[in-house]
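Asks: turn this into a structure:
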Amino acid sequence: MKNTLLARAARLGSALLAATTLSTAALAAFPTKTVTIVVPTAAGGGNDAMARALAQKLGPLLGQTIIIDNRAGANGALASEYVARATPDGHTILFGYIATHAMNPALQKLRYDPIADFEPVGLVGYSPTLMVSTSAVPIKDVRDLLGQLKAKPDLYAYASAGNGTAPHFAAELFQLNAGVRMVGVPYKGSAPAISDTIGGQTQVMFPSLFTALPHVKSGKLKALAVAGSKRSTLMPDVPTLKELGVDGVDVQQWYGLFVPAKTPKPVIDQINKAMNQVLNEKDMIKRIEDHGTDVETSTPEEFGKLVRGELTKWKSVVARAKLTAD
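Replies: This next block holds a predicted model:
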């Protein structure tokens, strides 16, 4: 019996030593080649700009070139599936966001699991969602809009960047909590949705602050409210929906890095440490804030908790509003 226990202890010790050796080797070996950050949106948008800014400074810290691979389509599903199937060694990273890991998976069954197929690396930040209206129709403020919609449901149409996107979910949550109804018009991306809202074909939209800001400044769109828990530092005069009597519409678009499941923990920690160092630099904070996003860093564990909570939240909204992907 004693010999058996000794043999088991020896095997356990060997297994622990092997695991430690493997983790140490993975850390020492990473990165051994060019690192790719896959962006699930087209070049030129806010996600792309933030990913490129991050890559520019992250590369020297990791000691390798980092390239950006834009794989737009299916509301982020194409890029997410690609990264989920990539070799789990840290050399392929997803610049994920609220659509890829919370809203789209809450709305429909995808060819990847946002939790099981990924390891969270770290949070980049949050961007407020702004409620805007076209200057072409007589909407003075949110209370005026509510009054018109309660008197005549479906009077106005809202534009979204597609079903399962933040503008879509924010509009549905607004209607649910305000007790009003608008016609939903999904587009293939934010650009055409914004364009038609400016033109008056649709009258209301819930874009990210980054997307809306230049058009609000030019006077083409009217900022009605922030769909979040607090006012934006970039637009401090714009009230929140909660201040205007519409509670529960808190849609903050968040962004972060993910790697494929089974990526070694030391590699994840190495990337997290490097990205947090970059995101704490003053010039990087300014660059990210210029894209309407407030920088916030995290541990992998904190980011994972956020993602799981967001997925649960939006599954509940989908059930309550009876949303479908069609």
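
Asks: contacts only, for Val124.
Replies: 50, 54, 95, 254-257, 275, 279, 288, 293, 295-296 (C-beta atoms under 8 Å, 6 or more residues apart in numbering). The way it works is simple: take the backbone N, C-alpha and C, and place the C-beta from them, glycine included.

Asks: one more time with 7 Å
Replies: 50, 54, 255-256, 279 (C-beta atoms under 7 Å, 6 or more residues apart in numbering).

Asks: would you turn the residues you listed into JSON lines with pLDDT and distance to His101?
Replies: JSON lines is the format used below for the contacts of Val124 (pLDDT from 0 to 100; distance: C-beta to C-beta, whole Å):
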{"residue": "Met50", "pLDDT": "93", "distance to His101": "16"}
{"residue": "Leu54", "pLDDT": "96", "distance to His101": "18"}
{"residue": "Tyr255", "pLDDT": "96", "distance to His101": "10"}
{"residue": "Gly256", "pLDDT": "98", "distance to His101": "8"}
{"residue": "Leu279", "pLDDT": "97", "distance to His101": "19"}
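
Asks: what is the nearest of those to Asp117?
Replies: Gly256 (15.2 Å; C-beta to C-beta).

Asks: burial of that closest one, as a residue count?
Replies: Residues lying near Gly256 (other C-beta atoms under 10 Å) number 26.

Asks: quick check on it: phi, psi?
Replies: phi -170, psi 170 (degrees, to the nearest 10).

Asks: same question, Asn177
Replies: Dihedral pair for Asn177: phi -80, psi -20, per degrees, to the nearest 10.

Asks: could you give the number of residues near it?
Replies: Residues near Asn177, counting by other C-beta under 10 Å: 15.

Asks: from the contacts of Val124, which is closest to Leu149?
Replies: Nearest to Leu149 among the contacts of Val124 is Tyr255, at 31.8 Å by C-beta to C-beta.

Asks: ok so, going back, cross the contacts of Val124 against strands and list the overlap.
Replies: 255-256 (DSSP state E).

Asks: got the contacts of Val124 as CSV, with distance to Glu243 columns?
Replies: Listed next are those as CSV, based on distance: C-beta to C-beta, whole Å:
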residue, distance to Glu243
Met50, 28
Leu54, 33
Tyr255, 26
Gly256, 28
Leu279, 30
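
Asks: quick check, nearest of the contacts of Val124 to Leu145?
Replies: For the contacts of Val124, the nearest to Leu145 is Tyr255 (29.2 Å; C-beta to C-beta).

Asks: related to what we said a few turns ago, ChimeraX command for the buried members of the contacts of Val124?
Replies: Applying 16 or more other C-beta atoms under 10 Å to those, the buried members can be selected in ChimeraX as follows:
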select :50,54,255,256,279
